[in-house]
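Trainee: this is a predicted model, with the sequence first.
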Amino acid sequence: MEYEIDRFTEREKLLIDSFRVLNSDLELNTVVKNALGIMIGRFHGAASCLVLVDMQDFSLKSYAMKSGDQGVIRTLPLRDGARIAGWESRSNGPVKLDLIDPDGDYFAAVKNTLAVVPRVIISAPLYAGGEFLGLVQAIADKADGFAGKDLNLFGVITERIALTLRNAWILEEAIRALEESRSLYEVGIALSGSLELDELLEKILDNLMRVVRYDIGIIYLVNPKDGSINQISSRGVPEAEIGNLHLTIGQGICGRVAETGKGIIVSDVSANSDYIPIKPQTKSEMAVPMKVDNTLIGVFNVESDKADAYNKHHLELMNGFASLAAVSLERARLHQERLSSRRIEHELSIARRIQMTFLPPRNPVIDGVDIAGLNIPSAEIGGDYYDFIPIVENQYGIAIGDVSGKGIPASLIMAAFRASLIAEIRNNFAIRAILYKVNNLLYESTERDKFVTAIYGVLDAKNGIFTFSNAGHNPPILRRHSGKIEYLKEGGIALGAFPNSEYQERPLSLESGDIMLFYTDGVTEIFNDEGKEFGVDRLLSVLNETCRLPASQIIESIVKKTREFGSAKHDMDDLTMIAVKSL
């Protein structure tokens, strides 16, 4: 191998060495530092610069390095609208710029930040997969700084820089998405483990910091009687200001959120007349409402010492955490009420309301498909769940699940399962990957006797294809229009039972008249006075009798038959079904 490398030209050795450095570490900051170092080292420049398009909010971020600075990365202070040398040539490949405007913003930024006077710049756009990522530049402080042959070599290296940057962004996004879903899931699990308000709110603030950086975090509670807004938990607030965190509805940014019921992002607090200062370093703020059953109970607020620190993605995350905070508060109120004789009734009522908010409010309308779902809760809180999840046009996610056990813990584990499932669906992973990730989150966060049986699949209504994976759940029944019966068994074991469980997925082709029936064990495990079970055979019989009816009427017929069959002596479980009929 050494003999073969010795045969390479100096230019080839240069490229090999550069590519080796770039691929040594895909952590984004390291890739930026390595790219800047290569620009300086390979082209003997006085400095180098990367101007990148931020993939979250599409703002421009600039990174620069000076020769001899031992890898120190600096940020060029380029204001919005500043003219960047080489920007106009971003569609033309590598260019050499000999005339740098000494009065321009870019010239001043390089000179003042790096103490380098830019005389010649070679600049190239960064494209990967047809996507424009930004510019990379080598900067010389002498008029003869770069030779003509440098331009071609520069273009080859920048192509690899673009590819490495894109891979680093993809890796960082995947890690960030996993951290976000894990944090949301862990907060949801925390709700099932304790009713102590202070402990729960501390966990919420801790987990929020992992995905949304803040210097001040405050959770406010609204008093509907007098319209006051008072903080009940906070981080980073100066000691002298803690006693002053009292507002009224409509006062300040948080009061405005309480008034409108809508979240707010303030990129520059100094330009917002509603802003009430807590400490002078604050530059930006974000606040969202906390609601239970559409009733405002508080406001969740974060502040940052950085300007323009928050974007729409952060707002979505905050809304998720605010929902969990609202559940914490509602359960804490229930904790106080349990001292009275109505303790159990109130707890079950709130838990049921929380559970019902996670179920679809109505059946979706999908061209070519008749679809209906139903959940009939039992007297005791259970862990049944079903959902219809819009993915892209003509594609819907269909999910049904059942948590082991009963009561508040089962209900909240179901809520946490739903949150993690939807978070992974939004990452556009394959079905088997979604269940693999959800399984590990459940396994790491629940007791060993807790698990979830579930089915998740994607219905492509336009092409008549349903792709699914069954995680230990009752196999759905597929009744073909010819009367042939199939069972949807492919998948794997129950979620949360074992770590790193693998799941298979199977596509089904649906034709007109085909019916899929999903159900939980509350449908079949109903007993009559003689102790006989309703069972799958009776369920099939009802399905055959009603196959020509609309999906909703098929479900109603099954409910009627189970109620006629069941004995009043036996406790009824939650009854949950989905019927999908191809038209």
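Mentor: Yep, it's here. Numbers count the residues shown, from 1 in each chain.
Trainee: and the one residue sitting closest to the centre of the chain, what helix or strand is that in?
Mentor: Using C-alpha atoms, centre = their mean, the residue of the chain that lies closest to the mean C-alpha position is residue 423, 4.4 Å off. Mapping residue 423 onto the secondary structure by DSSP states H and E places it in helix 407-425.
Trainee: quick one: residue 481 and residue 548 touch, right?
Mentor: No: the pair formed by residue 481 and residue 548 falls short of the contact definition of C-beta atoms under 8 Å, at 10.3 Å. In short, each C-beta sits where N, CA and C put it, glycine included.
Trainee: higher neighbour count, the two?
Mentor: It is residue 481, of residue 481 and residue 548, that has more neighbours when counted by other C-beta atoms under 10 Å, with 14 against 10.
Trainee: any idea how far residue 544 is from that one?
Mentor: Distance, residue 481 to residue 544, by C-beta to C-beta, to the nearest Å: 12 Å.
Trainee: equivalent analysis for residue 112, please.
Mentor: 81 Å.
Trainee: repeat that for residue 162.
Mentor: For residue 162 relative to residue 544 (C-beta to C-beta), the value is 60 Å.
Trainee: kindly report the same for residue 61.
Mentor: Look at residue 61 and residue 544: by C-beta to C-beta, they are 63 Å apart.
Trainee: in this protein, which spans are helices?
Mentor: Taking DSSP state H as the criterion, the chain contains helices spanning 2-6, 10-22, 28-43, 105-114, 150-193, 197-211, 252-260, 312-337, 343-356, 407-425, 431-445, 521-524, 535-545, 551-565.
Trainee: packed most tightly, which of these would that be?
Mentor: Ranked by mean neighbour count under mean count of other C-beta atoms under 10 Å, the helices of the chain are led by helix 407-425, which reaches a mean of 23.
Trainee: now stretch 543-561: mean pLDDT?
Mentor: Across stretch 543-561, pLDDT averages out at 95.
Trainee: then stretch 474-487?
Mentor: For stretch 474-487, the per-residue pLDDT values average out at 96.
Trainee: cool, stretch 149-159 as well?
Mentor: Looking at stretch 149-159 alone, the average pLDDT works out to 78.
Trainee: alpha carbons only: can I get that stretch in PDB?
Mentor: Below are the C-alpha coordinates for stretch 149-159, written out as PDB (Å, rounded to 0.1, in the frame of the first residue of the first chain):
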ATOM      1  CA  LYS A 149      -3.900  26.000 -10.600                       C
ATOM      2  CA  ASP A 150      -5.400  26.500  -7.100                       C
ATOM      3  CA  LEU A 151      -8.900  27.100  -8.500                       C
ATOM      4  CA  ASN A 152      -9.300  23.600  -9.900                       C
ATOM      5  CA  LEU A 153      -8.000  21.900  -6.800                       C
ATOM      6  CA  PHE A 154     -10.200  24.200  -4.700                       C
ATOM      7  CA  GLY A 155     -13.300  23.100  -6.600                       C
ATOM      8  CA  VAL A 156     -12.500  19.400  -6.100                       C
ATOM      9  CA  ILE A 157     -12.000  19.800  -2.300                       C
ATOM     10  CA  THR A 158     -15.100  21.900  -1.900                       C
ATOM     11  CA  GLU A 159     -17.200  19.200  -3.400                       C
END
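Trainee: for it, the distance to its chain's centre please.
Mentor: Between the mean C-alpha point of stretch 149-159 and the mean C-alpha point of its chain there is a distance of 38 Å (C-alpha atoms, centre = their mean, to the nearest Å).
Trainee: same deal with stretch 523-532?
Mentor: For stretch 523-532, the gap between its own C-alpha mean and the chain's C-alpha mean amounts to 42 Å (C-alpha atoms, centre = their mean).
Trainee: put the alpha carbons of it into PDB.
Mentor: Below are the C-alpha coordinates for stretch 523-532, written out as PDB (Å, rounded to 0.1, in the frame of the first residue of the first chain):
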ATOM      1  CA  VAL A 523     -63.700  -7.000  21.900                       C
ATOM      2  CA  THR A 524     -63.000 -10.800  22.000                       C
ATOM      3  CA  GLU A 525     -62.400 -11.300  25.800                       C
ATOM      4  CA  ILE A 526     -66.000 -10.800  26.800                       C
ATOM      5  CA  PHE A 527     -67.700 -13.600  28.700                       C
ATOM      6  CA  ASN A 528     -71.300 -14.700  29.000                       C
ATOM      7  CA  ASP A 529     -73.100 -16.100  32.100                       C
ATOM      8  CA  GLU A 530     -71.700 -19.600  31.300                       C
ATOM      9  CA  GLY A 531     -68.200 -18.300  31.200                       C
ATOM     10  CA  LYS A 532     -67.800 -18.700  27.500                       C
END
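Trainee: tell me the mean pLDDT for that stretch?
Mentor: Model confidence over stretch 523-532, given as mean pLDDT, is 90.
Trainee: residues in contact with it?
Mentor: When contacts are taken as C-beta atoms under 8 Å, 6 or more residues apart in numbering, the neighbours of stretch 523-532 outside the stretch itself are 474, 533-536, 539, 558, 562, 565-567, 569-570, 572-573, 575-577.
Trainee: 7 Å instead?
Mentor: Taking C-beta atoms under 7 Å, 6 or more residues apart in numbering as the criterion, the residues outside stretch 523-532 that touch it are 533-536, 539, 558, 562, 565-567, 569-570, 572-573, 575, 577.
Trainee: report the buried residues of that stretch.
Mentor: In terms of neighbour count (16 or more other C-beta atoms under 10 Å), stretch 523-532 has its buried residues at 523-524, 526-527.
Trainee: okay if I get these as JSON lines plus distance to residue 137?
Mentor: Putting the buried residues of stretch 523-532 into JSON lines (distance: C-beta to C-beta, whole Å) gives the following:
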{"residue": "523", "distance to residue 137": "66"}
{"residue": "524", "distance to residue 137": "68"}
{"residue": "526", "distance to residue 137": "72"}
{"residue": "527", "distance to residue 137": "76"}
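Trainee: farthest-apart pair in those residues, please.
Mentor: Taking C-beta to C-beta as the measure, the buried residues of stretch 523-532 span a maximum distance of 12.7 Å, between 523 and 527.
Trainee: can you tell me how far residue 35 sits from residue 137?
Mentor: When residue 35 is compared with residue 137 (using C-beta to C-beta), they lie 11 Å apart.
Trainee: which residues touch the residue nearest to residue 391 when sequence neighbours are not counted?
Mentor: When the adjacent residues along the chain are set aside, residue 391 lies closest to residue 397, with 5.6 Å between them (C-beta to C-beta, 6 or more residues apart in numbering). With C-beta under 7 Å, 6+ apart as the criterion, the residues that contact residue 397 are 389, 391, 425, 456, 458.
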